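> Predicted structure and sequence below. I'll ask about it afterward.
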Amino acid sequence: MPAHTTNDAARGEAAAPPGTGNAETQPAHAPPPSAPSAPSAPPAEAVAPLLRGIAVLRRLTEADDGGTLSLSGLEKATGLARSTVDRVTATLARMGYVRLDGRDVTLAPRLTELGNAYLAALRLPALLSSRADALAGELDESVSLAVGDRDGIRFIHQATRRRAMSLSFRIGDLLPAERTAPGPLFATEWTEADWRHWHERRAADPEDRTFPAVPPRERTTQDDDFEHRTAAAAATDCALDDQLIEPGLVAVSAPVRDPGTGRVACVASVVSHTSRHTAENLRTTLLPRLRSTVTAMENDLRTAPPPEPGTPRSGLATWTTASKHELGREFIESLARGLTVLTAFGEGRSALTLTEVAKATGLARATARRALITHEHAGLVRQTPDHRFTLTPRVLSLGFPPLSRTSLPQIAQPHLTALADRVHESASLAVLSDSGEEIQYTARASTSRVMSAHITLGTRLPARSTALGHVLLSLPEARSLGYALVDEELEAGLRSLAVPVRDREGRTVAAVNVAMHAARRTAAQCATDILPPLKETAAHIEADLREAGRFRRVPLT
């Protein structure tokens with residue numbers, strides 16, 4: 001068996017880059033969902049509704065249908081009573097973490113704020129992702145960054161190439177260490193206890209059925225195969241995946257080490273297909289360039305200035321109290337406040353004391369303490385020897401993988417539907433074509449009127465003849481007013497009002513409009529009746545886009 005060390009990072013977690021705290025403040029090593037032993041009983045001070053809410057979010061994350069389950073499906077998957085499922089999902093919907101659509105529950109982009117809190121505290125995506133993106137472009141291959149999660153790994157960044165055969169893992173996906181290229185590199189730092197846990201998990205789940213992100217294992221391998229790969233990784237400081245996940249997929253990995261401790265902060269991988277490279281060919285042709293990028297990444301960690309602590313959201317405790325008064329029994333205040341605790345962490349706030357958590361959230365110390373105890377039991381938080389708390393990679397299990405694939409049209413659709421229902425007119429989202437001369441409709445919500453604007457998705461129209469185009473082209477009048485109103489320029493009787501949708505950097509990336517027959521409202525009535533809810537809808541879309549796009553590029557189409 002490979003040699004083991006006993007430090008915290010050696011258990012398969014990411015070491016902190018400079019400015020994020022010492023090794024004692026690194027993520028915890030909580031049992032993964034695949035742990036074979038029976039789960040331990042919650043501590044007496046654990047918040048039961050919070051544990052139920054976490055269970056609901058995890059089941060939605062693992063759902064086959066992209067983060068959607070029916071209420072009855074959640075009842076079956078969690079083992080909770082239907083009345084409990086109804087109250088939990090109502091609370092999560094109030095928080096903006098899920099959407100309720102009839103009998104279905106769907107994860108909502110706002111939920112990514114929990115995973116974003118972990119990624120911001122970690123700092124690695126912000127510091128290293130541009131290097132990974134540049135390498136992907138140079139090699140024309142997919143490049144990923146991963147951190148360890150006890151005996152598994154989780155991706156924290158993906159730079160993929162658009163091909164028919166390309167990498168399909170999502171940020172936050174949990175993979176068994178032994179079926180990946182990064183796994184042996186993390187395993188070089190495992191303790192005896194970590195190896196024992198890994199052997200137990202392998203014996204209980206030989207086909208990896210409890211890892212939904214990977215296909216079931218088609219052929220079993222001996223445990224000593226991974227041990228030999230780990231020993232080789234320790235000797236060569238690199239590792240290969242030769243079709244371990246599925247036929248055709250190959251990868252080569254190298255560790256990015258914390259300059260201060262020498263421990264593995266994360267692992268960078270180049271991923272390809274056997275039609276382009278064999279695993280050994282990756283080692284001989286692409287590994288040198290990967291190592292060069294890793295050296296640059298380690299220099300970035302060495303020279304990064306200490307992070308400036310961001311300002312946590314304020315008024316959260318007040319908001320939960322107000323929601324309880326408004327919704328009554330259907331709103332579970334302890335669940336909302338418990339999840340709010342996770343948002344106390346972030347850049348410059350990677351390790352917090354109980355007092356700091358309470359101050360950041362506006363919660364009483366006793367309330368914050370019980371929430372932290374609950375999160376520690378669930379594997380989302382770890383308490384360090386100096387009595388500080390840190391988030392673990394397990395926070396990414398709360399909805400982040402399916403939501404990391406969300407596009408702007410998917411973000412906008414429920415907001416467009418709500419707008420169309422509110423104003424009883426058709427609403428649309430459009431982007432500017434590459435030529436800059438046309439707009440392309442990417443999302444729509446129609447009404448049931450006998451006469452209404454009807455345009456199919458994908459339709460392209462001249463930009464200068466539409467309100468959407470006026471906004472996207474930033475024409476002077478639209479820029480000064482903040483909206484565009486077009487009267488019967490595209491078609492007789494058609495009146496359209498549009499406003500911009502901006503990304504995190506303030507760039508106009510899309511526009512949203514309401515279109516109607518000119519006989520239904522005058523131009524002045526459009527400004528008074530339609531413009532306010534239209535701007536409100538654009539603001540909701542922008543808020544979701546900012547959260548979803550904090551650590552990844554959200555596709556516009």
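Cool, got the structure.
> Same question for stretch 507-523: list its buried residues.
Buried positions in stretch 507-523, judged by neighbour count with 16 or more other C-beta atoms under 10 Å: Thr508, Val509, Ala510, Ala511, Val512, Asn513, Val514, Ala515, Met516, Arg521. Bear in mind the C-beta positions are built from the backbone N, C-alpha and C, glycine included.
> can you redo these as a markdown table with distance to Arg550 and secondary structure?
Shown next, in a markdown table, are the buried residues of stretch 507-523 (distance: C-beta to C-beta, whole Å; DSSP: H, G, I helix; E, B strand; the rest coil):
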| residue | distance to Arg550 | secondary structure |
| --- | --- | --- |
| Thr508 | 19 | strand |
| Val509 | 15 | strand |
| Ala510 | 18 | strand |
| Ala511 | 22 | strand |
| Val512 | 21 | strand |
| Asn513 | 27 | strand |
| Val514 | 29 | strand |
| Ala515 | 32 | strand |
| Met516 | 35 | strand |
| Arg521 | 38 | coil |
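> average pLDDT across stretch 548-557?
Regarding stretch 548-557, the rounded mean pLDDT is 94.
> any idea how far it is from the chain center?
What separates the centre of stretch 548-557 from the centre of its chain is 10 Å, taken as C-alpha atoms, centre = their mean, to the nearest Å.
> What residues sit buried inside that stretch?
Buried residues in stretch 548-557, defined by neighbour count with 16+ other C-beta under 10 Å: Ala548, Gly549, Arg550, Phe551, Arg552, Val554, Leu556.
> And stretch 485-499, end to end?
The first and final residues of stretch 485-499 sit 9 Å from each other (C-alpha to C-alpha, to the nearest Å).
> Could you point out the helix or strand that follows the helix or strand bottoming out on mean pLDDT in the chain?
One helix or strand of the chain scores below all others by mean pLDDT, DSSP states H and E: helix 316-327, with a mean of 85. Using DSSP states H and E, the helix or strand that follows helix 316-327 towards the C-terminus is helix 333-342.
> still on that earlier bit, ok, of the buried residues of stretch 507-523, which one's closest to Thr318?
Val512 (30.7 Å; C-beta to C-beta).
> Which parts of the stretch 451-557 of the chain are helices?
467-472, 476-481, 523-525, 531-548 (DSSP state H, counting those that start in this stretch).
> Turn the buried residues of stretch 507-523 into CSV, columns for distance to Ser446 and pLDDT.
Below are the buried residues of stretch 507-523 laid out as CSV (distance: C-beta to C-beta, whole Å; pLDDT from 0 to 100):
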residue, distance to Ser446, pLDDT
Thr508, 25, 96
Val509, 23, 97
Ala510, 19, 98
Ala511, 18, 98
Val512, 14, 98
Asn513, 13, 97
Val514, 11, 95
Ala515, 10, 91
Met516, 12, 88
Arg521, 17, 84
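> if we take those residues, which one ends up nearest to Phe211?
Taking C-beta to C-beta as the measure, Phe211 lies nearest Val509 of the buried residues of stretch 507-523, at 35.2 Å.
> still on that earlier bit, give me the angle between the least confident helix or strand of the chain and helix 333-342.
Angle of helix 316-327 versus helix 333-342, following axes from the mean of the first three to the mean of the last three C-alpha atoms, to 10 degrees, is 150 degrees.
> Which parts of helix 316-327 count as buried, going by neighbours?
Those would be Leu316, Ala317, Trp319, Thr320, Ser323, Lys324, for helix 316-327 by 16+ other C-beta under 10 Å.
> can you name the two of these that are farthest apart?
By the measure C-beta to C-beta, Leu316 and Lys324 form the most distant pair in the buried residues of helix 316-327, at 12.9 Å.
> domains of this structure?
31-116+308-394, 128-303, 408-548 (automatic domain parsing).
> Distance from the chain centre to the shortest one, please.
Here domain 408-548 shows a centroid-to-chain-centroid distance of 27 Å under the convention C-alpha atoms, centre = their mean.
> so can I have a markdown table of the buried residues of helix 316-327 showing distance to Arg202?
As requested, those are arranged in a markdown table below (distance: C-beta to C-beta, whole Å):
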| residue | distance to Arg202 |
| --- | --- |
| Leu316 | 42 |
| Ala317 | 44 |
| Trp319 | 45 |
| Thr320 | 42 |
| Ser323 | 45 |
| Lys324 | 46 |
